[in-house]
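Asks: Below are the sequence and a predicted model; questions follow.
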Amino acid sequence: MNGQEFALTYNFSCDELKTLASLFRERQDQIPRNLYNFTKAVQDKVYACMSIDEFEEGAKNEGCK
C-alpha cells in the first residue's frame, strides 16, 4: 500500500471488542508500534461498551484500584 491510508468498515459487537482488547493486553509486548492507534481505538470502544460494574471487576482482576 506504500504508506497510503486504507479504509475498512466493520461493525464489531461488544463481545468481539472485549475479546480483541483482552488479546491486545495479553500480548501487548508483541504488537507492533504502528498498530498503536488501532489498539487504542479498540480499547476506547470497549470502555464505551462496558458497564461500571464490568469495568470495576476487570480492574480488580488486573490488580488495579
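Replies: Everything's here; your move.
Asks: tell me which element Phe24 is part of?
Replies: Using DSSP states H and E, Phe24 maps to helix 14-26.
Asks: how far does that helix sit from the chain's center?
Replies: In terms of CA atoms, centre = their mean, to the nearest Å, the centre of helix 14-26 is found 5 Å from the chain centre.
Asks: element containing Phe6?
Replies: Using DSSP H and E, Phe6 maps to neither a helix nor a strand.
Asks: Number the residues from 351 up from this point.
Replies: Sure, I'll start counting at 351 from here, so that last one is Phe356.
Asks: buried sites along the helix or strand that comes right after the helix holding Phe374?
Replies: Remark: after helix 364-376, the chain's next helix or strand is helix 386-399, criterion DSSP H and E. Residues Thr389, Val392, Lys395, Val396 are the ones in helix 386-399 that count as buried (16 or more other CB atoms under 10 Å). (Glycine included, C-beta is placed from N, CA and C.)
Asks: Quick one: neighbours of the residue lying closest to the third one once chain neighbours are set aside, just the number.
Replies: Taking CB to CB, 6 or more residues apart in numbering as the measure, Lys395 lies nearest to Leu367, with 5.2 Å between them; neighbours along the chain are not counted. Neighbours of Leu367 under the rule other CB atoms under 10 Å: 20.
Asks: Could you check the pLDDT of Leu367?
Replies: At Leu367, the pLDDT value in this model is 86.
Asks: That one contacts Ala391, doesn't it?
Replies: No. Taking CB atoms under 8 Å as the definition, Leu367 is not a contact partner of Ala391, at 9.7 Å.
Asks: and the gap between Gln393 and Lys368?
Replies: According to CB to CB, to the nearest Å, Gln393 and Lys368 sit 10 Å apart.
Asks: With Gln354 instead?
Replies: Noted for Gln354: a distance of 31 Å to Lys368, by CB to CB.
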